[in-house]
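> build me a structure from this.
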Amino acid sequence: MTADKEKRRAISREAARRRRKVESDKFGELSGLLPLQPSVRAHLDKPSIIRLTLSYMRIHTLLKENVGFCANGSHGVKSHHVVRARENCQPGWFEESQDFRVLDERSMYLRTLEGFLMVLSSDGNMIFLSDNVSKYMGLTQTELMGHNIFEYAHPCDHEEIKHNLRVTAEGACCGERRDFLMRIKSALTHRGRSATLKSATWKVLHCQGRVKVCVFRSSTSCLLLTCRPLPLSHTLLNTHTFASQHSMDMKFTYCDQRVTCLLGYSPEELLGRSVYDFCHTLDATCLQKSHFNLCWKTQSVSGQYRMLVKGGGYVWVESHSAIIPSKSRPAAHQPLLILCITYILSGVEEPFLQLSVDQTRLYSK
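As a prediction, the model looks like this:
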């Protein structure tokens, strides 16, 4: 009996060993089909292979449908030659056998964006990220693809992300725009070094893009987004930029001298006044949304709005803001203040049109 029992155990172990070998061989074959560099494929475990394979299949379907999508006149990626080049590559996007012109063009676009590309499915799965995501987040493309955005996004931002993932029938037809901020885990330290996810910090991303609706019912809709991290510190780029500081209700507490050349006001005229006093009435909602994001997420970008010019007219501007502690008191009791960098985007429009009593009053001083 003992010999028979040992024989059965030996047969069972041998069968299990063969199953594991067959499984490993299949996973090896599957890994070899992924459009990744050999050095990356060598370090993939089985769950990662499954996750990346599913992402590859979904993005491949999306690219395959793209030609038909564009032919219908909807908003979408219009680079037909890029799609064809990707489809003709063996086995996929990142192999060295790709058309070098396509690679150079893609690299140029990514450098210009100062951010990375993200494709989100309607249920929040990150089915594609551009390979430069590691530069901004400290996490590689293969680490993130196939995971759900809610695993990395700040819990307080989940509801806003869900709202932007919703696709209505009306919005789907017109390629509805998306523009929102979200906080996501970043493994980059302040010195630009990579850390572990356990010590990850939150980075604010400005996400802009459109809804992409697939042609076939078997496919899911998704969001095509460009994600640009908002900097913690801002730099005055040129003479068409001015810096200001505000209390938490957006009243000016400081403004640099450049504002005089750009808007006509002296810094003294602005102190104690709210930025809403110098905003075009039709753009107040835009500023309120930016102000809310700033108080909730500590950083924001306003989008384009109009600021009134002293004497008449207005200019189009965009403000990048961050909440920082004031240095006027000891660390334990530091009040918060808002740092704004405002970029002037246009010349003075309607220079003889006075849109505010304050605008007229300040001019007469």
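
> from here on, contacts and neighbour counts on C-alpha atoms
Fine.

> show me what the one helix or strand residue 16 maps to is packed up against.
Counting by DSSP states H and E, the element that carries residue 16 is helix 2-33. With contacts taken as 3 or more Cα pairs under 8 Å, 6 or more residues apart in numbering; DSSP states H and E, helix 2-33 sits against helix 46-71.

> give me that answer again for 10 Å
Where contact means 3 or more Cα pairs under 10 Å, 6 or more residues apart in numbering; DSSP states H and E, helix 2-33 is packed against helix 38-41, helix 46-71.

> worst mean pLDDT among those helices?
For the helices and strands packed on helix 2-33, the weakest mean pLDDT is recorded on helix 46-71, namely a mean of 70.

> give me the most central residue, this structure.
When Cα atoms, centre = their mean is applied to the chain, the residue found nearest the centroid is residue 227 (1.9 Å).

> before we move on, the earlier item: with distance to residue 280 and mean neighbour count added, can I get the helices and strands packed on helix 2-33 in a markdown table?
Formatted as a markdown table, the helices and strands packed on helix 2-33 follow (distance: least, Cα to Cα, whole Å; neighbours: other Cα atoms under 10 Å):
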| stretch | distance to residue 280 | mean neighbour count |
| --- | --- | --- |
| helix 38-41 | 52 | 12 |
| helix 46-71 | 37 | 17 |
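
> wait, residue 223 sits on residue 162?
No - checked against Cα atoms under 10 Å, the pair residue 223 and residue 162 is beyond contact range at 11.7 Å.

> which SS class is the residue nearest to the centre of the chain?
Secondary structure for residue 227, judged by DSSP: H, G, I helix; E, B strand; the rest coil, is strand.

> so what's it up against?
Listed by Cα atoms under 10 Å, 6 or more residues apart in numbering, the contact set of residue 227 reads 113-118, 129, 133, 136, 180-182, 204-209.

> how about residue 202?
By Cα under 10 Å, 6+ apart, the neighbours of residue 202 are 137, 152, 153, 154, 182, 183, 184, 185, 186, 187, 188, 297.

> from those residues, which has minimum pLDDT?
Across the contacts of residue 202, the smallest pLDDT goes to residue 188, namely 78.

> all strands for the chain, in order.
Ranges of strands within the chain are 116-121, 126-129, 177-186, 201-212, 222-229, 241-246, 252-255, 299-308, 314-325, 336-344, based on DSSP state E.

> dump these into JSON lines; add distance to residue 12 as well.
Output for these, formatted as JSON lines (distance: least, Cα to Cα, whole Å):
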{"stretch": "strand 116-121", "distance to residue 12": "43"}
{"stretch": "strand 126-129", "distance to residue 12": "40"}
{"stretch": "strand 177-186", "distance to residue 12": "46"}
{"stretch": "strand 201-212", "distance to residue 12": "49"}
{"stretch": "strand 222-229", "distance to residue 12": "47"}
{"stretch": "strand 241-246", "distance to residue 12": "74"}
{"stretch": "strand 252-255", "distance to residue 12": "78"}
{"stretch": "strand 299-308", "distance to residue 12": "61"}
{"stretch": "strand 314-325", "distance to residue 12": "64"}
{"stretch": "strand 336-344", "distance to residue 12": "68"}
